[in-house]
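Undergrad: show me the folded form of this:
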Amino acid sequence: MLLNSNNTTLVLIDVQEKLEPAMHERETLVRNLTKLVQGMKSLQIPVFWLEQTPDKLGRTIPALRSLLEPATPFTKNSFSCGGCTSFTQALAASGRRQVLIAGIETHVCVYQTAVELIRDSYAVEVVADAVSSRRPLDHAIGLEKIRDCGRHSVGSGQGHMTTVETALFELMRTAGHERFRDILKIVK
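TA: Residues are numbered from 1 along each chain as shown. Okay, the predicted model is just below:
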């Protein structure tokens, strides 16, 4: 199923000051996350932004925080964003059923969030080049488990993988889209 700009949202998970430096290929991760958030803003796709115990792990890294403010993040203590009631209520209230997920760590918070959203009948696409873990094996296993969950879900949701460019171009559909040139500048 193709992403629909009227039905899609981005969930950005735990890209925080004390976590981000330990991520595998962190420079690429931050570059891709920046492109993704800029693209979502250009396409006017809502972004739900979460932080895990920011008093201990710090705030979202400045490069992303500057793009997301003046909005404020949801604060969570659970690994899954599904444990944050204010987030789940806001997501439900948005009426959007297609969820792009980006952030860290792939095998913990990203994975658990994807599983719960799939269970709750959301169509989930993890942005594979905009998620990471400290170790490549954990990242790979996290992506594999999300893919498997989408295949064997007890809910009616779906779990798939995408990339930053694939998602942005899918949301536009044509080179005639009013934001095409903006997105082209972002991804180049």
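Undergrad: flag the shaky bits of the chain, pLDDT-wise.
TA: The model of the chain has pLDDT under 70 over residues 150-158.
Undergrad: ok, longest strand in it?
TA: When the chain is parsed with DSSP state E, its longest strand is strand 123-132.
Undergrad: ok, that one: who's next to it in the sheet?
TA: Note on strand 123-132: by DSSP bridges, its sheet partners are strand 98-104 (parallel), strand 158-162 (parallel).
Undergrad: contacts for the first one next, please.
TA: Think strand 98-104. 1, 3-4, 7-15, 19-20, 23, 29, 33, 36, 50, 91, 109-110, 113-114, 117, 122-127, 130-133, 162, 167 (C-beta atoms under 8 Å, 6 or more residues apart in numbering). For every residue, glycine as well, the C-beta is placed using N, CA and C.
Undergrad: kindly recompute the last result at 6 Å.
TA: 3, 7-15, 19, 23, 33, 36, 110, 114, 117, 122-127, 130-132, 167 (C-beta atoms under 6 Å, 6 or more residues apart in numbering).
Undergrad: coming back round to it: deepest of the strands paired with strand 123-132, which one?
TA: With neighbours defined as mean count of other C-beta atoms under 10 Å, these peak in mean count at strand 98-104, which reaches a mean of 27.
Undergrad: which residue sits closest to F169, ignoring its sequence neighbours?
TA: I183 (7.3 Å; C-beta to C-beta, 6 or more residues apart in numbering).
Undergrad: next, format the strands paired with strand 123-132 as JSON lines and append distance to I146.
TA: Shown next, in JSON lines, are the strands paired with strand 123-132 (distance: least, C-beta to C-beta, whole Å):
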{"stretch": "strand 98-104", "distance to I146": "9"}
{"stretch": "strand 158-162", "distance to I146": "5"}
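Undergrad: and of these, who's closest to A140?
TA: Comparing these against A140 with C-beta to C-beta, the closest turns out to be strand 158-162 (11.6 Å).
Undergrad: tell me how far the closest one lies from the chain's centre.
TA: A distance of 12 Å separates the centroid of the chain from that of strand 158-162, by C-alpha atoms, centre = their mean, to the nearest Å.
Undergrad: next SSE after that strand?
TA: helix 164-172 (DSSP states H and E).
Undergrad: got the buried residues for the next helix or strand after that following helix?
TA: Using DSSP H and E, the helix or strand that follows helix 164-172 in sequence is helix 180-187. Using 16 or more other C-beta atoms under 10 Å as the test for burial, helix 180-187 gives F180, D182, I183, I186.
Undergrad: now helix 180-187 against helix 164-172, angle please.
TA: Here helix 180-187 runs at an angle of 170 degrees relative to helix 164-172 (axes from the mean of the first three to the mean of the last three C-alpha atoms, to 10 degrees).
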